[in-house]
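Enquirer: structure, please.
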Amino acid sequence: MQSSERHRVTREQIEKTAEELKNWGKWGPEDELGTLNYTRPEDIVHAASLVRTGKVISLGLNFDEKGPQAGRSKFPPVGRFNPVHTMLRTGTDAYSGVLDARGMRSADDLVIIPSQCATHWDGLAHIFFGDYMWNGYDCRTVSSFGAAKAGIEKTKEKFVGRGVLLDIARHLGLEWLEDGYAITSEVLTECAEAQGVEVGEGDFLLIRTGQMERKLAEGTWDGYNGGDAPGMAFETLYWLQERKVAAIATDTWGAEVRPNESVEGISQPWHWICIPIMGLTMGEIFKLDALGAECAERGLYDFLFVAPALPVTGAVGSPINPLAIL
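Expert: Modelled structure (predicted):
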């Protein structure tokens, strides 16, 4: 269903949903992990048993100047840019007789990279609800020094468990979903049933819309970074809460449907609830085409999922190279 055909979410509805789905205090007053707490050691043991062939599929884009931040968009860039990679020493230097301080011939390099420039996790300090962030912490705990609470480094032993792919585009017989298509709870349930897979507690849920594949086929990222997109309908927050998933990730820039379902003046309402209220870590810009094809060929849609964040102290997000191991 297109966003324009759906009832527009108001601020009052957002506040009501926040009260109904609020997980603050669920894991104690000092918790900084949110729904990542759902994944238990026994869940990881089970996930390891899903490795049947040892095939490894990367779900990440390469971090380079060709990334999605290069595309034109109506959305303000908020300081994000594609990675900047420069060499500090090269083979040409060595050939010319330039040696390092140890007298060695070597190459070295430097990367400048926004934490959310390509495939990444949104940390729990990324989005605020009013003056508060996850677990009721004051938003001012995130300062110019970084996040004193819920920094991404707190998750460095997480993001391992059972991955589940819901290939919405393939389920609907499409190469990709149209921009503005809202994925509802009903669609999620129907897709899971058709694929013969259950989404449950502690799972890492991946949603394929095919939008990234469309942009790659077009040869341009224009509109991808903040433009219209297929994505999660606002009401799916209840579906995710009920199933107690550990984290969710999509192949789009912002996970939720765009144009947003909200009234004018409210941007990304799904984010408002998902991260600061539910404590649900969100992944964006995942490359899911190869995984979708492999799962469809095997008729199996669960696997070992490994996608640790870089433990950058106080960071509110992290670039990653997520892996599905089948």
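
Enquirer: what residues sit buried inside the strand or helix carrying residue 194?
Expert: Using DSSP states H and E, residue 194 maps to helix 185-195. Residues 185, 187, 188, 191, 192, 195 are the ones in helix 185-195 that count as buried (16 or more other C-beta atoms under 10 Å). In this view, the C-beta of every residue, glycine as well, is placed from N, C-alpha and C.

Enquirer: and the residues you listed, which is closest to residue 216?
Expert: Taking C-beta to C-beta as the measure, residue 216 sits nearest to residue 191 out of these, at 22.8 Å.

Enquirer: how much space separates that closest one from residue 97?
Expert: Distance of residue 191 to residue 97, given as C-beta to C-beta, to the nearest Å: 61 Å.

Enquirer: and residue 110, what does it touch?
Expert: The contact partners of residue 110, by C-beta atoms under 8 Å, 6 or more residues apart in numbering, come to 85, 86, 87, 88.

Enquirer: rerun that using 7 Å as the cut-off
Expert: If a contact means C-beta atoms under 7 Å, 6 or more residues apart in numbering, then residue 110 has 86, 88 as its contacts.

Enquirer: so how far is the helix or strand harbouring it off the chain centroid?
Expert: Per DSSP H and E: residue 110 is located in strand 108-112. Centroid separation for strand 108-112 versus its chain: 25 Å, with C-alpha atoms, centre = their mean, to the nearest Å.

Enquirer: likewise stretch 245-257?
Expert: Distance, stretch centre to chain centre, for stretch 245-257: 5 Å (C-alpha atoms, centre = their mean).

Enquirer: let the chain start at 418 from now.
Expert: Understood, numbering begins at 418; the last thing we discussed is stretch 662-674.

Enquirer: what bridges to the most centrally placed residue in the chain?
Expert: Closest to where the C-alpha atoms of the chain average out (C-alpha atoms, centre = their mean) is residue 700, at 0.7 Å. Beta bridges link residue 700 to residue 538, residue 666, judged by DSSP bridges.

Enquirer: low-scoring stretches of the stretch 518-667 of the chain, by residue?
Expert: By pLDDT under 70, the stretch 518-667 of the chain has no low-scoring segment.

Enquirer: quick one: the strands in it, in order.
Expert: Taking DSSP state E, counting those that start in this stretch, the strands of the stretch 518-667 of the chain run over residues 525-529, 537-539, 559-560, 563-564, 577-584, 599-600, 621-625, 648-649, 664-667.

Enquirer: how about the closest residue to residue 464 other than its chain neighbours, what does it touch?
Expert: Counting by C-beta to C-beta, 6 or more residues apart in numbering, the nearest residue to residue 464 once its immediate chain neighbours are dropped is residue 579, at 4.1 Å. By C-beta under 7 Å, 6+ apart, the contact set of residue 579 is 460, 463, 464, 467, 619, 620, 621, 719, 722.

Enquirer: now do the SS call for the residue lying farthest from the centre of the chain.
Expert: Distance from the C-alpha centroid of the chain, by C-alpha atoms, centre = their mean, peaks at residue 514 (45.4 Å). Following DSSP: H, G, I helix; E, B strand; the rest coil, the label given to residue 514 is coil.

Enquirer: where does it land on pLDDT?
Expert: At residue 514, the pLDDT value in this model is 86.

Enquirer: span of stretch 713-722 from start to end?
Expert: 17 Å (C-alpha to C-alpha, to the nearest Å).

Enquirer: now do stretch 462-476
Expert: End-to-end distance (C-alpha to C-alpha), stretch 462-476: 22 Å.

Enquirer: got it, and stretch 451-458?
Expert: 16 Å.

Enquirer: could you break this structure into its assigned domains?
Expert: Per the record, the chain has its domains at 420-491+531-742, 500-530, by automatic domain parsing.

Enquirer: done for today, thanks.
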